[in-house]
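S.K.: Fold the following, please.
(4 chains, ligands or ions: 2)
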Amino acid sequence: MYTEKVIAEFTNPENVGEIADTDGVGEVGSPTCGDIMKIYLKVEEDRIIDARFRTFGCATAIASSSMATRMIRGMTLSDAWELSNADVVDVLGSLPEAKVHCSVLARDAIRAAINDCRTRRGLELRETGSSRCGGGTGCGSCPENG
Amino acid sequence: MYTEKVIAEFTNPENVGEIADTDGVGEVGSPTCGDIMKIYLKVEEDRIIDARFRTFGCATAIASSSMATRMIRGMTLSDAWELSNADVVDVLGSLPEAKVHCSVLARDAIRAAINDCRTRRGLELRETGSSRCGGGTGCGSCPENG
Amino acid sequence: MNDLNRHPVYMDHAATTFMKPEVMAAMAPYFSRYFGNPSSLYRFACGSRNGVDGARRQVAAAIGANPEEVFFAAGGSEADNWAVKGAALANRERGDHIVTSAIEHHAVLHTCGWLEKQGFSVTYLPVDEFGRVDPGDVEEAITDATILVSVMTANNEIGTIQPVAAIAKVAHDHGVPFHTDAVQAIGAVPIDVERMGIDLLSLSGHKFYGPKGTGALYIRRGTRIETLIHGGGQERGRRAGTENVPGIVGLGRAIELATADIEVHNRRIAAMRDRLVRGVLGSIQDTRLNGHPTERLPNNANFSFRYVEGESILLLLDARGICASTGSACSSGSSEPSHVLLATGLSHEEAHGSLRLTLGDANTEEDVDYVLEVLPDVIGRLRRISPLTPVRARIPEVD
Amino acid sequence: MNDLNRHPVYMDHAATTFMKPEVMAAMAPYFSRYFGNPSSLYRFACGSRNGVDGARRQVAAAIGANPEEVFFAAGGSEADNWAVKGAALANRERGDHIVTSAIEHHAVLHTCGWLEKQGFSVTYLPVDEFGRVDPGDVEEAITDATILVSVMTANNEIGTIQPVAAIAKVAHDHGVPFHTDAVQAIGAVPIDVERMGIDLLSLSGHKFYGPKGTGALYIRRGTRIETLIHGGGQERGRRAGTENVPGIVGLGRAIELATADIEVHNRRIAAMRDRLVRGVLGSIQDTRLNGHPTERLPNNANFSFRYVEGESILLLLDARGICASTGSACSSGSSEPSHVLLATGLSHEEAHGSLRLTLGDANTEEDVDYVLEVLPDVIGRLRRISPLTPVRARIPEVD
Ligand SMILES: Cc1ncc(COP(=O)(O)O)c(C=O)c1O
Ligand SMILES: Cc1ncc(COP(=O)(O)O)c(C=O)c1O
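M.R.: Ligands and ions are numbered 1, 2, ... in the order given. As a prediction, the model looks like this:
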């Protein structure tokens, strides 16, 4: 079902943890949905110099958290904002069709973290474009998502 | 499905044919029903001294024709009248449930032949107790029998 | 007279076939080695998942479909029930009328009968003396309420092949989906669901040297159809139940083998069949060949022998080691005259006196010789017993 | 970390089982040797007919039924669909209400859902925290319109065994027929349809070391039930389709083996399972055992590990060569929380973090040791990743 690459990323995820003096935290999902993703950013100027995550969820959610944090390290905030779940899936190789939407969680968490960073800097929030259920897209089945 | 005994009686039937100077002929069934049985009797006094048959029909119909003609040879007409299909089935061993009713044809043909004999002797007909479809009971499927 | 020591001459391939060794070989690993449930997440289950996926591709390739349009079922009857009930119930609000033929297999006919009890109306189209449905009749039968046309690709009793593409076209011209029961046709008639315009197609593994209890329904993408067996999400949510993995793998391999050399295979079988037919008609008077003279399955010969009854023929042949059938093999013990033969205009007597010989891969020219040797004797014996036989056909009189 | 070179430790016997060699041996002659269609009249077909008859006696003996009350089907899902739809449709003029439980398998639940669309009404009885249905609730739910009570013998996820005899009695006191899905119970719970008052019972071969794609429905004589698959006259006119002879023979042999030494077998399996449960609860904090403490299938262990999600557990176990499941195995790709766990009152989070380990004949004490060695590590890793894990449960913090 999963490719070797996804399994490898999931079984040995990178960037697990928190950042004590974080510059922005984003959390999406809910236990009801079956997925919660929390991303911590350390930002210097406009550049992400560290990214960490904690995820409750399926293998896809964990693998894409790990991959997404790896990808945004070193990116500018605006590039990181533009990271799409397709980008993450591309680097992961491929995902089972039914699982593709779970990777959206990572994008949503990154945007939430960037917005948190903007709030701390006194900037206005950007429209995240994410939907119901705390920003998650129901990787598990979310009653609020039907 | 059939016992060895039925198969043996069917594959090597006895008493096939006609009796030229018969004393009574009975025919029951119809092509529509899938079975026709015609029995010829030679009678001396009240005793059947020869019995022959021609049958169009399934293995049960042929085997029971053969067996029934064997059984009534030497019987009085009134004993032969009382021969039931259960008697024939008993001697044949057993029949598949769905086929038991096909053996009724033999009883009906014998009664028809005895009645023919009675007519020739100027006696009145006995009530045969047989049903629709020319006296047959629809060994095959008979539209008249539903 | 009992020739059973000679291994039986099996001429009932339309009833069922033996399973080919290649099919058994393909299935073997899936019973106890790759036994995982294909729905399971762990890698061990990939073995069975791959087996099922591969078989789906094999079935799709054999009929010109996409793998995503192939759904496994437990046989031809289930596939027919699913197709006809599924299409009817899914389109209930569009209409309540079904067009089928009088000579369909009971899996379609009795399903239609059930639907009639649920308030649907069904037109059972007549056939000509050869058992063909006229596409013009389909055209006439279709009304605004028609939601399904179901006509079999080839008949199981008399082997007549239907003008399926023409019938499908008529159905589509009226926006009606078309189902065909191809259970007897696989491996004998080249099938291309695209070219022939088929929306739903049923097939059954044990008719082409595959395993019993396996089958498939082809569902053209976009065809509205309800589920027949509800439950788990197998078969993309359309047919519940843990997959019969070995059976599915066997079905896939069998259809691949059956459709690989279809023309060579047909030529060989048809040549034997033609010799059988010529021999029978040449040596037994008052006999007719049922079905179409040319538009028929290559392996099918169906005769009516006047004055005698089918079951008797069968059992005398059996005593001589020949396996054949009369009517269809579905209802043991019943000796109903065939609804197919009656539909072609035969009298009850002729319909009762029918014999179906269906050849297959294991048959040889010697088998044909043997049947040609035995059959005239068998018919002769029964005709000498029958009161219907005219004297001229009763020679020699003595048994 | 990849221990797959070690052959996988298979602890998912509730999903499916390997097929026993004795079962394969019983089936083997029926693929290509006794391949005849059981409905055929010739003697050659006696081989397959006898095979089917023998299997029917074996199934009947295993559940205390008469052979004439056993009908073969292509799996548990078909049997469930047949039982529930068949009983509902056959009794339509008597009433339109069905009583079942909230924790039935989807083969029953989705069938009930379909019947609701056809105008029936269904009561889904709640269960207690252990997953038990209260016979008193059945009593309360039954109305004058009730035509069927369907409650499973044992649950496939949490293993809870239902008070089937008591529920059947309540149903019968109100003149309502009782169906039970015994798919998980065969070979684990002694079944006697007479003593337990069962009118309809579904079973599935691949759950007790028999072939996939086989099953049976027990129908007590006199029980009103419609046919699900229409067509030929097989199974005494009640289930059309050429019999899956090898599969049926395998089912018969498998149920004979599975029920022969049921107590000895249960004791061995339950002892291993109990050690597994003790070990897991003793070594992993914030964990609960789902299902009933005693009234449960001997091979079933179902845990909720807080703060982590089931699919992740599964895949990490898989990476270490352990085959297990979360929820039911029916719908691949979906990560819906189990309707069974939710019905026992678990929160979504707990329901998501469930793991089902089901033991079987091939498991050894070493397998249990291995799982007890691997599982705490797996849960620990995932808890260290999860944002829900309290710090006290995240030791050691470093990965
Ligand atoms: C309780 C229960 N009922 C029904 C089924 C369906 O059986 P099958 O998959 O053989 O159709 C299963 C297993 O999948 C089950 O565990
Ligand atoms: C034309 C046709 N349709 C349907 C069927 C039913 O197939 P199965 O017996 O595999 O269910 C058969 C054979 O029995 C058949 O010949």
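
S.K.: which other residues reach the helix or strand of chain C with the lowest mean pLDDT?
M.R.: Across the helices and strands of chain C, the lowest-confidence element by mean pLDDT, DSSP states H and E is helix C:348-352, at a mean of 90. For helix C:348-352, the external contacting residues (Cβ atoms under 8 Å, 6 or more residues apart in numbering or on different chains) are B:31-34, B:56, B:140, B:143, C:288, C:304, C:306-307, C:309-310, C:335, C:337-338, C:341-342, C:388. No exception for glycine: its C-beta is placed from N, CA and C like everyone else's.

S.K.: And the pLDDT at the residue in chain C that ligand 2 sits nearest to?
M.R.: Across chain C, no residue is closer to ligand 2 than C:Gly76, which sits at 2.5 Å (Cβ to the nearest ligand atom). For C:Gly76, the pLDDT comes out at 98.

S.K.: hang on, the earlier thing: show me what the following helix or strand past the least confident helix or strand of chain C packs onto, helices and strands only.
M.R.: Helices and strands here follow DSSP states H and E; after helix C:348-352, the next one along the chain is strand C:354-358. Other elements packing on strand C:354-358 under the criterion 3 or more Cβ pairs under 8 Å, 6 or more residues apart in numbering or on different chains; DSSP states H and E are strand C:300-305, helix C:310-319.

S.K.: Nearest to chain A among these would be which one?
M.R.: strand C:300-305 (44.2 Å; Cβ to the nearest Cβ).

S.K.: So what angle separates the directions of the closest one and strand C:354-358?
M.R.: 160 degrees (axes from the mean of the first three to the mean of the last three Cα atoms, to 10 degrees).

S.K.: Can you list the strands that strand C:300-305 pairs with?
M.R.: Its sheet considered, strand C:300-305 pairs with strand C:287-289 (antiparallel), strand C:354-358 (antiparallel) by DSSP bridges.

S.K.: Can you tell me which of those is most buried?
M.R.: Mean neighbour count (mean count of other Cβ atoms under 10 Å in any protein chain shown) peaks for strand C:354-358 among the strands paired with strand C:300-305, with a mean of 27.

S.K.: So is it next to ligand 2?
M.R.: No: judged by Cβ under 6 Å from any ligand atom, strand C:354-358 makes no contact with ligand 2; its nearest approach is 10.2 Å.

S.K.: can you list contacts of that strand?
M.R.: C:11-15, C:157-159, C:276, C:290, C:297, C:299-305, C:310, C:313-314, C:317, C:324-327, C:338, C:341, C:346, C:371.

S.K.: what's the distance between C:Pro8 and C:Ser312?
M.R.: 18 Å (Cβ to Cβ, to the nearest Å).

S.K.: Where does chain A get nearest to ligand 2, residue-wise?
M.R.: For chain A, Cβ to the nearest ligand atom, closest residue to ligand 2: A:Met1, 31.8 Å.

S.K.: Which residue comes closest to that residue once chain neighbours are left out?
M.R.: In space, and not counting its chain neighbours, A:Met1 is closest to A:Pro96: 5.4 Å by Cβ to Cβ, 6 or more residues apart in numbering or on different chains.

S.K.: Can you classify the most centrally placed residue in chain A by secondary structure?
M.R.: Taking Cα atoms, centre = their mean as the criterion, A:Ala106 is the residue nearest the geometric centre of chain A, at 2.0 Å. Three-state assignment for A:Ala106 (DSSP: H, G, I helix; E, B strand; the rest coil): helix.

S.K.: which residue packs closest to it, ignoring adjacent ones?
M.R.: A:Ala68 (3.8 Å).

S.K.: my read: that neighbour touches A:Val89, true?
M.R.: No: using Cβ atoms under 8 Å, A:Ala68 is not in contact with A:Val89, being 10.5 Å away.

S.K.: tell me the pLDDT at residue 23?
M.R.: Since you didn't name a chain, this refers to chain A. pLDDT, A:Asp23: 97.

S.K.: That was the other one, I meant chain C.
M.R.: Value for C:Val23, per-residue pLDDT: 98.

S.K.: Within reach of ligand 1, which of the contacts of helix C:348-352 are there?
M.R.: Within these, nothing lies near ligand 1 by Cβ under 6 Å from any ligand atom.

S.K.: So which of these sit within helices?
M.R.: C:310, C:341-342 (DSSP state H).

S.K.: Which member of these is positioned nearest C:Arg92?
M.R.: C:Leu342 (31.8 Å; Cβ to Cβ).

S.K.: ok, for that closest one, nearest residue in space, not its chain neighbours?
M.R.: C:Leu342 sits nearest to C:Ala351 (Cβ to Cβ, 6+ apart), 5.4 Å away.

S.K.: Could you report the separation of that neighbour from C:Gly291?
M.R.: Going from C:Ala351 to C:Gly291 by Cβ to Cβ gives 13 Å.

S.K.: Nearest spatial neighbour of C:Gly36, chain-adjacent residues omitted?
M.R.: C:Ala45 (3.5 Å).

S.K.: coming back round to it: any idea how far B:Glu124 is from the residue nearest to the centre of chain A?
M.R.: 103 Å.

S.K.: go on, C:Thr344?
M.R.: In this view, C:Thr344 and B:Glu124 are 47 Å apart by Cβ to Cβ.

S.K.: if you count what's nearby, which of the two comes out ahead?
M.R.: Neighbours were counted for C:Thr344 and for B:Glu124 using other Cβ atoms under 10 Å in any protein chain shown; C:Thr344 has more, 27 against 7.

S.K.: Spit out the contact partners of the more buried one.
M.R.: Contacts of C:Thr344 by Cβ under 8 Å, 6+ apart are C:103, C:127-131, C:158, C:290-291.

S.K.: Which of the helices or strands spans the residue lying closest to A:Met75 once chain neighbours are set aside?
M.R.: Once flanking residues are discounted, A:Met75 sits nearest to A:Ile48: 5.4 Å by Cβ to Cβ, 6+ apart. For A:Ile48, the host element (DSSP H and E) is strand A:47-56.

S.K.: residue ranges of the strands in the stretch 1-150 of chain C, please?
M.R.: Secondary structure of the stretch 1-150 of chain C (DSSP state E, counting those that start in this stretch): strands at C:9-10, C:70-73, C:97-101, C:121-125, C:146-150.
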